[in-house]
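Student: A predicted structure for the sequence below; I have some questions about it.
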Amino acid sequence: METKEKIEFAGCPLAVYREIAAHLRQVEGVEVDLIPQSSQQFDYNQSQIGGLSISWTANSGSESRQRVKQILAYYQNRYISPI
């Protein structure tokens, strides 16, 4: 059984989303896709990406999920400034 999760980092640039996706793809049992921005209006301060879609395959265990949480926490602490 495969489950999906959507992750968004508001205002995060495209390059960082690509870096996060590349990092997450190294985790066994995890597949990642970039979700395009759905807004019709271009805003330079907004990300070009709407978020990440993370798919957990049947062979992803608790270690994989824990590793993904660690990776996301790292990027959240590094790139996302608290409001």
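Tutor: That came through fine. Numbers count the residues shown, from 1 in each chain.
Student: Please identify the buried residues of stretch 53-64?
Tutor: I54, W56, S60, S64 (16 or more other C-beta atoms under 10 Å). No exception for glycine: its C-beta is placed from N, CA and C like everyone else's.
Student: my bad, should have said stretch 71-83
Tutor: I71, L72, Y75.
Student: Tell me which stretches of the chain form strands.
Tutor: 3-7, 30-36, 49-56 (DSSP state E).
Student: any chance of the buried residues of stretch 71-83 in JSON lines, with distance to V27 too?
Tutor: Formatted as JSON lines, these follow (distance: C-beta to C-beta, whole Å):
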{"residue": "I71", "distance to V27": "7"}
{"residue": "L72", "distance to V27": "11"}
{"residue": "Y75", "distance to V27": "14"}
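Student: list the contacts for the residue in the chain sticking out farthest from the centre?
Tutor: Most distant from the centre of the chain: Q41, at 22.6 Å, with distances by C-alpha atoms, centre = their mean. By C-beta atoms under 8 Å, 6 or more residues apart in numbering, the contact list for Q41 is empty.
Student: Where does pLDDT dip in the protein?
Tutor: 1-2, 42-47, 81-83 (pLDDT under 70).
Student: most packed of the strands of the chain?
Tutor: strand 49-56 (a mean of 19; mean count of other C-beta atoms under 10 Å).
Student: Mind listing the strands that one pairs with, and their directions?
Tutor: Partners of strand 49-56 in the sheet, by DSSP bridges, are strand 3-7 (antiparallel), strand 30-36 (antiparallel).
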